[in-house]
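[1] need the 3D shape of this:
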Amino acid sequence: MTAALPSLALALLCLLQAGAQVPVQPDLDTEKFAGEWHVTAIASNCSVFLKMKDGMKSSTAIVSFTPEGDLAMKLVLPLMDKCQEFELLFQQSGQAGHYMGAQEKRNLRVIETDYSHYAVLHEVQHSEAEPSTALQLLTREQDVSPQLLQKFMELIPTMGLTEDMLAILPKSDQCTGDIS
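    The predicted structure follows:
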């Protein structure tokens, strides 16, 4: 048993380090990244998300940046018969592509983007009750190619998530005219 303890401690340390070393898009160009995105797929271990994921539809995110470099995100979600709007502000962490949400204790990273077709976001919400991780696939158009979806699905286990936590969100025209 005592011989296994160093191995167990080392394994736990590796897991903690792996979680802390989520990649970030090198030299994120905020001007190119800003604009309208469609949330087309999400994988998360959040219990609220897992309960709702089968009834969710694609939502719209408008990304902008403050003069200080903070990321502002306006989300428009189609819920039931209405559109629900949320505004989130993430403060720049000092590393391009890495942002912190102070009130919700959120940590947001832009893992990868080509600016014109897709972006992958990684979000960790630090909560005493239930810390959660989410991986989001954003696309400029509501349609997502099978190749891009496959690439996204290959990322899921690398972030400690499983395929049963994935929701590929169907297209929705419900709230597209409400964006400003």
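
[2] so where do the helices sit in the protein?
    Here the chain has its helices, by DSSP state H, at 4-20, 30-33, 47-52, 146-155.

[3] average pLDDT across the shortest one?
    Mean per-residue pLDDT for helix 30-33: 97.

[4] give the buried residues for that helix.
    Buried residues in helix 30-33, counted by 16 or more other Cβ atoms under 10 Å: 30, 33. Placement of C-beta: from N, CA and C, glycine included.

[5] and for stretch 144-163?
    So stretch 144-163, judged by 16+ other Cβ under 10 Å, has buried residues 144, 148-149, 152-153, 155-156, 159, 161.

[6] pick out the lowest-pLDDT one from these.
    Model confidence across those bottoms out at Val144, which has 89.

[7] would you confirm that that residue contacts Lys151?
    No: contact between Val144 and Lys151 fails when scored by Cβ atoms under 8 Å: they sit 10.3 Å apart.

[8] looking at this protein, which helix or strand is least sure?
    None of the helices or strands of the chain scores lower by mean pLDDT, DSSP states H and E than helix 4-20, at a mean of 36.

[9] coming back round to it: for Ser116, state which of the buried residues of stretch 144-163 is nearest.
    Ranked by distance to Ser116 (Cβ to Cβ), those are led by Leu148 at 12.4 Å.

[10] next up, the contacts around that closest one.
    Contacts for Leu148 (Cβ atoms under 8 Å, 6 or more residues apart in numbering) come out as 117-118, 137, 139.

[11] go with 6 Å
    Tyr118 (Cβ atoms under 6 Å, 6 or more residues apart in numbering).
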